[in-house]
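**Student:** sequence and computational prediction follow.
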Amino acid sequence: MRQAGPAAAPQNAQSRDPRPQSYHRWACALGVLLFAVLIALVAMNHGTMRVAGDRDDLGRPAGGPADAVFCAGRDGGRWVRLKEADLRLADGGALPAFNIGAWHGLTGDPVLAGTGISCPTRR
């Protein structure tokens, strides 16, 4: 059995230095933080009113109403309008409902028209 004496030095003195590992951890943490901030900024700007406003600048087709909002999609998108129109019940209550309209994004042709009822989840 071999005993290490006081004159025995470690074979690799740099492997015991904690500084390179510490800098590596900070660099990795900073990279992850910057990536997370970038993803958050992209997520916040995707599908916002600013994007819809940019589409408004391109021109609204003649067939759709002026108060419709553009909703982009893979197929080019639609101009959509919701107007609150509660339905009155026989017992005097009201059922939350909306008049819904959708028009083709390029031609302005009607795609959908009807009434939508809002049904809250009950448990």
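**Tutor:** Alright, I've got the coordinates.

**Student:** per-domain residue ranges of the chain.
**Tutor:** 16-44, 61-117 (automatic domain parsing).

**Student:** which regions of the chain lie under the pLDDT threshold?
**Tutor:** 1-22, 45-58, 122-123 (pLDDT under 70).

**Student:** where do the strands sit along it?
**Tutor:** Taking DSSP state E as the test, the strands found in the chain are 69-71, 78-84, 87-88, 94-95, 97-104, 110-117.

**Student:** helices or strands up against the first one?
**Tutor:** The helices and strands touching strand 69-71, judged by 3 or more C-beta pairs under 8 Å, 6 or more residues apart in numbering; DSSP states H and E, are helix 49-57, strand 78-84. (C-beta placed from N, C-alpha, C; glycine too.)

**Student:** for the strands of the chain, give me TSV that also has mean neighbour count and distance to F35.
**Tutor:** Shown next, in TSV, are those (neighbours: other C-beta atoms under 10 Å; distance: least, C-beta to C-beta, whole Å):
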stretch	mean neighbour count	distance to F35
strand 69-71	17	29
strand 78-84	16	33
strand 87-88	10	48
strand 94-95	10	46
strand 97-104	18	37
strand 110-117	12	39
